[in-house]
Each structure stands twice: as C-alpha cells, then as structure tokens.
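1. Next one to model:
(2 chains)
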Amino acid sequence: MIHRMSSVFLRTLRDNPVDAEVPSHRLLVRGGYIRRVAPGAYTWLPLGWRTFRRVENIIRQEMDSLGAQEVHFPSLLPREPYEASGRWSDYGDNLFRLQDRRKVDYLLGPTHEEMFTLLVKDLYSSYKDLPLWLYQIQTKFRDEARPRGGLLRGREFVMKDSYSFDIDQEGLQRSYDAHRNAYIKIFERLGLPYVIVSAMSGAMGGSVSEEFLFPCVNGEDSYVRCTRCDYSANTEAVRIGSTPPVDASTHELARVAETPDTPTIQSLVDLFNARPDLQRQGRPWTAHDTLKNVLFNLRHPDGRREPLAIGIPGDRDVDMKRLEAHVDPAEIETFADQHFVANAALVKGYIGPGSLGRENTSGIRYLLDPRVGIGSAWITGANELGRHVMNLVHGRDFTADGTIDVAEVRDDDPCPQCGGSLNIERGIEIGHVFQLGKKYADVLGLNVLDKNGKPQVVTMGSYGIGVSRAVAAIAEATHDDLGLRWPRAVAPFDVHIVIAGKGNDDTANTANTLAEQLDSAGLQVLLDDRSGVSPGVKFKDAELLGNPCIVIAGRGVAQGVVEIRDRLLGTAVEIKIADAVAHIVAAHSSSN
RNA sequence: CGGGGAAUAGCGCAGCUUGGUAGCGCGCCACGUUCGGGACGUGGAGGCCGGGAGUUCAAAUCUCCCUUCCCCGACCA
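-> Numbers count the residues shown, from 1 in each chain, chains lettered A, B, ... in the order given. As a prediction, the model looks like this:
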C-alpha cells in the first residue's frame, strides 16, 4: 500500500516546541511522530507508531529466536504480590496506586517480577520444567518526579521485560549470558551504539547486573571507562577499594586550633598554611588533608526519618546519585537549619567525628569514605564554634559506624581494577540485564522439586529494554541538523518520493509509477503528492521525517531522470527513471 | 525539596505596567497567481486567555490557591 502524504495523518511543525530540550524530543514532535497528552505521557501518531512497531518487532524477533516465550500481563495489578515483595512500600511515590469501587488497592505495574514469579509458581513445580524464559512487551507506569526529554523518561512507557527461571546458579549464568548476547544483537540491528557497564546491584546485594548505555551527552546516567583495561561501570556502581591501615604511631597527638572565619574548606586550608604554628613541614596543607562531615536525612519507605553523617576528604563532594543508589529504597532529604537546631551536639560549620556516631553525643549514624583509612590523620571540625582539630587519627582518636562509598568519581581517578585512570562519560540506559537470584522466588514461595524430590528455591534473572525509549535513543543517535535520519531497519518508510513538479504533469505520473513499482517490490512507500505545496516545503519535510531514501521527481523527469538521495549518507545521484527501482531496491537491501 | 521564569488559536509569540470583553506570524479553509529549497494576493474559520476562588459595575490584565512546563540550585560543615 502506498501512503500518500495528502491523506496521511500528519502535520509537521516549522518551529521547535518551546518545551522540548533534547533533539530527539524536538524532532519527534516537529516531525509529527508523537504528541504530548500529559506530563510524561505521549500519543504515537502514524509515523511514530510505524517506527515503534518496527523497533518492537526487532526486539520480539530476537527474543523469540532466543527461545523466550511471549506472554502478556495486565497493567492493572493487585496489591498483595507487591506487598509480599515489599515493593508496595519500597517503590515509594514512584508507584501509581489506585482503588476500585470497593476500596480495594491496586497498582499500575512499574515492572512485573512478582507477577512472573507467581505465574510460574502457579503452573510449574519440577526442575524438569527449567530453564524457562518468559517475556512480555508491556506498558509500564512509574510516577516519575520529573519526566524528561519526551520519550526518554516518561511516566507511561513501553518496556520489553523478560525473566529467566533456573534451578541453580550455573543455569542462571547461562540464561544471563544468552540474554546478554541477544541484547547485543538487538542493539546492533537497531543501529544503536552501546556500551556495557557494571551496574548497581541495588539493595538486594551481591547480584550481577549490567547496563547497556547509549553514549550521549543528553543522557541521565554517567559511567566510567578505564583508559587501560576493560573496566567500565555506571558511576553509581563504582567501588573503590578500602584503604589499607597504616601505622598511626608517627602522628603527633591531636590538637585543637582556633580557626575563626573558616566557613569553607578552602578558607580553612588557607588559614592552616598561613599560621606558623599550624604549618606542616615539607609540603603545604591541601583540601585532601581535611575531613569534611556532611549531613543528610534519609526518608525510609515507611515514612521514618533518619539522619546520616558522611565523612569524606575535603577535596571531594558526595555524589547525590551515588548516595541515592546506595541508600535505596530510602530517599534523601537535605539536612536543613532546623535540623541543626534540633540536635544540640552539632555545631554547624565545625562538625567533627567527636560528635558523630551512634555511641556519640549526637547519636547520628556516621559512615566514612573508604579513603579515610585506619591510621590516617585529618584536620576536621572540633564541635566548637571557631575551632578545628588537627592530627585526628582514625582508629586512635575517633571511630565510625562503617564506610560508605558515595564520594564523587572524577576524571582520572584510579581504576579499581587495574589502577589505570578512569574517564567519565554520559549515556542513556537502553537495556539492563540482572541476575536477581532468589529474592522474589523466596518471598513468593517459588520452589520446584529437584532430582532428589527436595524443594529448591528457583533462581531468577530479569532483563529489560525500554522500547519507547529506544525509539528516542535511535533518534538521538542518528539525527542531524536537518531532522531525523532513521536507520533502514526502523524507519517508518523505506522510500519517500517527492513530486516536485506541478502535480498534474509527467513528474506526478513518474512518481506514481515509481511508487507502484517500489510497493510491488515490497518496500514501504511514502509519496508526497500534496498539491499547492512548494518544492522547498516538501524537501524540508522529507529531510525532517528522516526516511532513508528520498526520490525526487522534478525537473529531471523531462530528461528521463529522477534524483535519488540517501538521507543516511547525505549523497544525491541522478538515475535514469528506468533504472531507479533497481537502484533503490539494491540500496534498501544493503546494510544500514 | 528550594529559588527563579512561564502558561493567551495546532506551533511560535504580543497584549497585562495603566482592568472596558483578544491580536500578530506560521499552519488551516476558499479563489487566483506561483512551482527545485519553508512563494504571493484577496477573503475566511479557529481562543471559557491552564484550573479554581476573590476584588470590581467590569478581569487575559489586580490578589490568593492549585495544576503543568522550563531553567538554576540541592552539601562544601
């Protein structure tokens, strides 16, 4: 079927929508692919939906050929399974909760681990049934605090989520590897560049998890890559080693110093270097010699608030995203002035380890950056107005309740694996593979009988690809100044034919004939047959819509040629009309 | 969570200071001219001025509340 632009439900916009920041969002709206209906919720228009379905089908094909079986759950789910897993509360405000007419609680599924676990429990009970791989392509709901970038972060979005069920860890590893390989194939077919990075295993702990990130400055995730070895990780998941203990006997005794007017780390360091009685032999003090103590409030899913103090070297900041990932599902709130007032042990500006820790005057849990090793000496607050203390030695003069590795990661930081240096880059998460282990099977009671007739808890993996996000990511990856530029595998149409003449002459006849021939050859054809629209508008629209091949039937028709442009390569050639179909079909059959 | 800015036709914007019942460009409709890089003329259609409350004879305009969007910040002890 030939799609004629005179009747396709489409209106392109000349101006950028004012609320669209990232290029994919701007171009998808301008090109008439999507329309916003609510914050983080978008309507797919015909062009967008065609692209979406092509992306979806590539994912479906690869999941099917992997041997996973497609099912389809409701989005409307009962509370109980999520209550059992703890996520009814752990998901916090991000969960859409609702009630039916009898005031029974429901939720809109943010992800479906519980439901898949229960489904398998419902039907299977023997190790002989495993391994089992199930998946669905489903609308998910998450009440995001800040939807962003059009399709990049929505409150309603489509995800392919699959789940593996195995009797043991070896099986899980095989399932995981199989999905990981399938994901590599999928992203290659989609024409989406990716890096695979170690990811935060979350509060569950110990599990293996990797993310597929599309490298992109507009991305919300940052990740590190080692310039020497193959180490790569989401910034949230970077773990520096603990610092080995050093002999503390060489340090002088701790000593309190008067340090008026030192509200910042830099002013403190400057004062220490300026005062003869505080100067250090050999080299000046730096911010790295100071121990800064930062306070936060954690808000737990049950609403409980808990203050937390973190001690890190003064030349580093706490990375909020790393901290969030670390304390999940608790949320972080700032420690405001009224909280200082409420805890008399805290002297704002001069907080030191002397007041921190559960056994100490403030009673606040105190965790140290791993760089603060046993035996290391610090300049830090003395818990008195206008005073700091120097030579305060960890293990000799103070202790903490534990360590927490949430300091910011910087370019050129040492690689945890090889000691080389790290580069920080940004990316968009397009896939996530995760060895869940037995968490859900345990709490929901998914057991099967093993060879010996003994019940064994099933071990699971979960694997996600954001389908709607992938559409945006592809647009982000491939667009140029003129508009979208779809890879052949996902473009809404294979060929976009422009009638650049008056519409009632040989140009129209030629275009129509070509359209019919290309359609018969099995290509998806879009024909710009709009009358009264000037050629310039048609060219701009063709470039904006971004189909890979643009055929122009215009002034060349009189000489027996049409112009064929490759939107991906940016090339243009004139081809005899008689040869055009063969030329286009050949280009179409070649790779992206 | 905090601080700014904003919400008026499908899109981009003016009007608000100084209240008197809404305008421009693009797009859309009709006719005519144009036809290879976002053409032109003439005539049209289209808006509960984000929602609610208040002040007033009268509110897009002033006040308050709510919702949504954008930007910046979130700790430097």
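2. Work out for me the element A:Leu268 sits within.
-> Using DSSP states H and E, A:Leu268 falls within helix A:265-274.
3. Relative to RNA strand B, which residue of the stretch 101-250 of chain A is the closest?
-> RNA strand B sits closest to A:Pro147 of the stretch 101-250 of chain A, with a gap of 5.4 Å, by Cβ to the nearest atom of the strand. Glycine gets a C-beta too; all of them are placed from N, C-alpha and C.
4. and that residue, how many neighbours?
-> The local packing of A:Pro147 (other Cβ atoms under 10 Å) involves 21 other residues.
5. Next one: the closest residue in space to it that isn't next to it in sequence relative to A:Val495, how far apart?
-> Excluding its sequence neighbours, the residue lying closest to A:Pro147 (Cβ to Cβ, 6 or more residues apart in numbering) is A:Gly40, at 2.9 Å. Using Cβ to Cβ, to the nearest Å, A:Gly40 is found at 34 Å from A:Val495.
6. So between the two, which is more surrounded?
-> A direct count of neighbours by other Cβ under 10 Å for A:Gly40 and A:Val495 places A:Val495 higher, at 27 against 20.
7. residues contacting the residue lying closest to that one once chain neighbours are set aside?
-> Spatially, and ignoring its direct neighbours in sequence, A:Val495 is nearest to A:Cys549 (4.7 Å; Cβ to Cβ, 6+ apart). Counting by Cβ atoms under 8 Å, 6 or more residues apart in numbering, A:Cys549 makes contact with A:494-496, A:564-567, A:584, A:587-588.
8. Cross those residues against helices and list the overlap.
-> Judged by DSSP state H, the contacts of A:Cys549 include A:584, A:587-588 as members of helices.
9. Using CSV, lay out those residues together with neighbour count, pLDDT and distance to RNA strand B.
-> As requested, these are exported to CSV (neighbours: other Cβ atoms under 10 Å; pLDDT from 0 to 100; distance: Cβ to the nearest atom of the strand, whole Å):
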residue, neighbour count, pLDDT, distance to RNA strand B
A:Ile584, 24, 97, 16
A:Ala587, 17, 95, 18
A:His588, 17, 94, 21
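10. okay if I get the residues you listed as JSON lines plus distance to A:Gly431?
-> Below are the ones in helices among the contacts of A:Cys549 laid out as JSON lines (distance: Cβ to Cβ, whole Å):
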{"residue": "A:Ile584", "distance to A:Gly431": "33"}
{"residue": "A:Ala587", "distance to A:Gly431": "30"}
{"residue": "A:His588", "distance to A:Gly431": "28"}
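11. Those residues of the stretch 401-550 of chain A touching RNA strand B, which are they?
-> Taking Cβ under 7 Å from any atom of the strand as the contact definition, the stretch 401-550 of chain A meets RNA strand B at A:482, A:500-503, A:532-537, A:539-541, A:543-544.
12. Can you tell me which of those residues has the most neighbours?
-> Counting by other Cβ under 10 Å, top hit in these: A:Ala500 with 23 neighbours.
13. hmm, which helix or strand of chain A has the shakiest average pLDDT?
-> The weakest-scoring helix or strand in chain A, judged by mean pLDDT, DSSP states H and E, is helix A:337-342 (a mean of 76).
14. Not counting it itself, show me its contacts.
-> A:295, A:297, A:307, A:346, A:348.
15. Give me the distance between the first one and A:Leu367.
-> Spelled out, that is A:Leu295. Spatial separation of A:Leu295 from A:Leu367 under the definition Cβ to Cβ is 11 Å.
16. okay, and the common contacts of the two?
-> A:308-310.
17. quick one: which of those residues has the most company?
-> Across the shared contacts of A:Leu295 and A:Leu367, the neighbour count under other Cβ under 10 Å reaches its highest value at A:Ala309, namely 24 neighbours.
18. so what pLDDT did that residue get?
-> Note for A:Ala309: predicted pLDDT of 91.
19. my guess is it contacts A:Leu367, does it?
-> Yes - taking contacts as Cβ atoms under 8 Å, A:Ala309 lies within contact range of A:Leu367: 7.3 Å.
20. Pull out the buried positions in stretch A:378-396.
-> Within stretch A:378-396, the residues scored as buried using 16 or more other Cβ atoms under 10 Å are A:378-383, A:387-390, A:392-394, A:396.
21. likewise stretch A:125-142?
-> Neighbour-count burial for stretch A:125-142 flags A:127, A:130-138, A:140-142 (criterion: 16+ other Cβ under 10 Å).
22. In JSON lines: these, plus distance to RNA strand B, secondary structure and pLDDT.
-> Output for the buried residues of stretch A:125-142, formatted as JSON lines (distance: Cβ to the nearest atom of the strand, whole Å; DSSP: H, G, I helix; E, B strand; the rest coil; pLDDT from 0 to 100):
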{"residue": "A:Tyr127", "distance to RNA strand B": "48", "secondary structure": "helix", "pLDDT": "97"}
{"residue": "A:Leu130", "distance to RNA strand B": "43", "secondary structure": "coil", "pLDDT": "96"}
{"residue": "A:Pro131", "distance to RNA strand B": "42", "secondary structure": "coil", "pLDDT": "96"}
{"residue": "A:Leu132", "distance to RNA strand B": "39", "secondary structure": "strand", "pLDDT": "97"}
{"residue": "A:Trp133", "distance to RNA strand B": "36", "secondary structure": "strand", "pLDDT": "98"}
{"residue": "A:Leu134", "distance to RNA strand B": "34", "secondary structure": "strand", "pLDDT": "98"}
{"residue": "A:Tyr135", "distance to RNA strand B": "30", "secondary structure": "strand", "pLDDT": "97"}
{"residue": "A:Gln136", "distance to RNA strand B": "27", "secondary structure": "strand", "pLDDT": "97"}
{"residue": "A:Ile137", "distance to RNA strand B": "25", "secondary structure": "strand", "pLDDT": "97"}
{"residue": "A:Gln138", "distance to RNA strand B": "23", "secondary structure": "strand", "pLDDT": "95"}
{"residue": "A:Lys140", "distance to RNA strand B": "18", "secondary structure": "strand", "pLDDT": "92"}
{"residue": "A:Phe141", "distance to RNA strand B": "15", "secondary structure": "strand", "pLDDT": "90"}
{"residue": "A:Arg142", "distance to RNA strand B": "14", "secondary structure": "coil", "pLDDT": "88"}
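23. Just put those in JSON lines and tack on distance to A:Gly282.
-> Converted to JSON lines, those look like this (distance: Cβ to Cβ, whole Å):
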{"residue": "A:Tyr127", "distance to A:Gly282": "66"}
{"residue": "A:Leu130", "distance to A:Gly282": "64"}
{"residue": "A:Pro131", "distance to A:Gly282": "62"}
{"residue": "A:Leu132", "distance to A:Gly282": "65"}
{"residue": "A:Trp133", "distance to A:Gly282": "62"}
{"residue": "A:Leu134", "distance to A:Gly282": "64"}
{"residue": "A:Tyr135", "distance to A:Gly282": "62"}
{"residue": "A:Gln136", "distance to A:Gly282": "64"}
{"residue": "A:Ile137", "distance to A:Gly282": "64"}
{"residue": "A:Gln138", "distance to A:Gly282": "63"}
{"residue": "A:Lys140", "distance to A:Gly282": "58"}
{"residue": "A:Phe141", "distance to A:Gly282": "60"}
{"residue": "A:Arg142", "distance to A:Gly282": "54"}
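24. Mind picking the one among the residues you listed that's closest to A:Ala521?
-> For the buried residues of stretch A:125-142, the closest approach to A:Ala521 (Cβ to Cβ) belongs to A:Ile137, at 29.8 Å.
25. Could you report the separation of the residue nearest the centre of chain A from A:Ala473?
-> Of all residues in chain A, the one closest to the mean position by Cα atoms, centre = their mean is A:Glu429, 3.0 Å from it. The gap separating A:Glu429 from A:Ala473 is 9 Å, by Cβ to Cβ.
26. any shared contact partners between those two?
-> Residues touching both A:Glu429 and A:Ala473 (Cβ under 8 Å, 6+ apart): none.
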